[in-house]
Structures are given as structure tokens and as C-alpha cells.
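Visitor: Below: sequence and its predicted model.
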Amino acid sequence: MENASHGDKGVTAIDSKQFVEQYVAALAAKDPVQCAEFYTEDAVLHFMMGVYTGRQAIIDWHKERFDADMHVLQFNKVVDRNHEVSFEMLIESSRLKAWRINTLRGKVVFRCVEGKINDARFSLAGGNPLEGWQ
């Protein structure tokens, strides 16, 4: 995504919400290759205790999420600061439900280079991780 001002090619406050919407739509389509297109070839994705480096590892990470039947129920609080886009999302999955956790709220931070994600960090968004436990 190209910033209309100053020729800068990072994700900007003007297009960051649209960028997140498009990524969430790719997640909903459950197409790991389409999701990986949002990342640079050498991107790094941090999730829980794991680190996934490079396009193929990021495709595999997305496949794991889709195999767990993950769904994004909502996303909000999209903030863009100097090529770093952060937002929260609420997810559910069959794997979580097997642990009797209905939903989890996560925080996502994307550091972008030339309109693509170069570093992604997925973590729990404050609060009790067992909040959905019943």
C-alpha cells in the first residue's frame, strides 16, 4: 500500500484500517497463501512462544490457525504510529472450545515496510486468558 503523501510506502493512518480489514477478510477466506501476501518475503511472525520466519513458515502458521477453525469475531482499536499498526481482535476456534474457552481477545502489532508486514506480534490483550472458561 502506498501512502499518498510524500511518496512513503509504509502503511499510514489513512489506510491502516483498510489494511487490517483486508487482512481480516483474507483470514475469513481461510487462504494461507492470500494471507501470506500481506507479509514481506523475510517477515517474522511472533505467536505465543513461537517465531515463524519467512513466507513458507507464515503460510504454515496460517494453516495451523485454519486447521483449528479460527474465526475473527471482531477487531477494533486500530492505531497507526510510524509504520506500526496495532489493533485488537476477538477470536474463537474449535481448539479453544476444546479447552472450554469460548473466545480470546488478542493484540496484534504489525511493523510495515513498503506496505507489507515485516514483523507481526500476536499476543493476549490484557486481562485474564481464562476469561471465557466455563
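Guide: Great, that's in hand. Residues are numbered from 1 along each chain as shown.
Visitor: mind listing the strands for this protein?
Guide: 39-47, 50-53, 71-81, 84-92, 104-113, 116-124 (DSSP state E).
Visitor: Dump those strands to TSV, plus mean pLDDT and mean neighbour count.
Guide: Just so you know, the C-beta spots here come from the backbone N, C-alpha and C atoms, and that holds for glycine as well. Compiled in TSV, these are given as follows (pLDDT from 0 to 100; neighbours: other CB atoms under 10 Å):
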stretch	mean pLDDT	mean neighbour count
strand 39-47	97	17
strand 50-53	96	13
strand 71-81	92	14
strand 84-92	93	19
strand 104-113	93	19
strand 116-124	94	17
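Visitor: can you pull up the bridge partners for the residue positioned nearest the centre of the chain?
Guide: The structure's the chain has its C-alpha centroid closest to residue 108; by CA atoms, centre = their mean the separation is 5.5 Å. For residue 108, the beta-bridge partners under DSSP bridges are residue 87, residue 122.
Visitor: my read: it touches residue 122, true?
Guide: Yes - with contact defined as CB atoms under 8 Å, residue 108 reaches residue 122; the gap is 5.5 Å.
Visitor: how far does stretch 48-55 stretch from start to finish?
Guide: Length of stretch 48-55, first residue to last, CA to CA, to the nearest Å: 19 Å.
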